[in-house]
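> Structure for this input, please:
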Amino acid sequence: MRLSPSVLLLSTCSLLLIAGCATPEAGGAKPGTEERVADAVTAPLQDLNLVRTKIPEILQHAHEAPYQLPGDGACAALNTELAALEQALGPDIDSPKRKEQLDLLAKGGVAAGDAAFGALRSASENLLPFRGWVRKLTGAERHSGEVAAALVAGQSRRAFLRGVHLGKSCS
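Numbering: from 1, shown residues only. Predicted coordinates for the structure are as follows:
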């Protein structure tokens, strides 16, 4: 059974309206509703490499030199860079923000919201025929790889700096 595009669009919009009430606040681990909708809707433009994800400067630096000590290696410099990495990457694995547990109803709402945004993104990605080839030819695939590499480098740098931070007994 194949759904018509109008039924799919109407269903997705309905789910987004419902999910908008259940998504975490903008300061949470996930972007806000407007940002997620914009990301899902602009997927074809990202595939055409017309809209690109900006890599924060701190992650570009981490990609270039993941194990370099900041400045003189003093605690103040470590704290400053760790805060910048936290801003760019979000909370670390053992962060109190990340450990907060949602109640069962909120978890269900978040899951419904994730499903709705996933459906919208999937529908917008399917608008472009031969998407994989288009991404390769436009350079969007290469840019996605650069973004992923910067994220991994940022996480590695944060782990390295946290180890140095603990080794120096910084507060």
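
> Show me which positions of the lengthiest helix in the chain end up buried.
In the chain, assigned by DSSP state H, the helix with the most residues is helix 140-167. By neighbour count on 16 or more other C-beta atoms under 10 Å, the buried set for helix 140-167 is 140, 143-144, 150-151, 153-155, 157-158, 161-162, 164-165. To be clear about C-beta, it is placed using only N, CA and C from the backbone, and glycine gets the same treatment.

> Out of the residues you listed, which is nearest to P129?
Distances from P129 to these, taken as C-beta to C-beta, are shortest for A140 (15.0 Å).

> roughly how far apart are the closest one and L78?
Distance of A140 to L78, given as C-beta to C-beta, to the nearest Å: 36 Å.

> Okay, now the unreliable bits of this structure?
Along the chain, segments meeting pLDDT under 70 span 1-32, 96-113, 117, 120-121, 124-125.

> give me every residue that touches P70.
Going by C-beta atoms under 8 Å, 6 or more residues apart in numbering, P70 touches A77, L78, T80, E81, L161.

> among these, which ones are buried?
Among those, those classed as buried by 16+ other C-beta under 10 Å are L78, E81, L161.

> ok, which stretches of this protein are helices?
With DSSP H as the criterion, the chain has helices at 5-20, 33-41, 43-47, 57-64, 75-89, 96-99, 104-125, 131-138, 140-167.

> on that earlier part again, could you say what helices and strands the longest helix of the chain packs with?
Helix 140-167 sits against helix 57-64, helix 75-89, helix 131-138, with contacts defined as 3 or more C-beta pairs under 8 Å, 6 or more residues apart in numbering; DSSP states H and E.

> Please identify the most buried of those helices.
helix 57-64 (a mean of 18; mean count of other C-beta atoms under 10 Å).

> Name the surrounding residues that touch stretch 147-159.
Here stretch 147-159 makes contact (C-beta under 8 Å, 6+ apart) with 53, 55-56, 58-60, 62-63, 66-67, 82, 85-86, 88-89, 92.

> Nearest to T42, out of the residues you listed: which one, please.
Using C-beta to C-beta, T53 comes nearest to T42 of these, at 10.3 Å.

> quick one on the thing from earlier: so for C170, which of the helices and strands packed on helix 140-167 sits nearest?
Nearest to C170, of all these, is helix 75-89, at 3.6 Å by C-beta to C-beta.

> which secondary structure elements does the closest one contact?
Here helix 75-89 touches helix 57-64, helix 140-167, going by 3+ C-beta pairs under 8 Å, 6+ apart.

> which one of the ones you listed lies closest to T42?
Using C-beta to C-beta, these put helix 140-167 closest to T42, at 11.8 Å.
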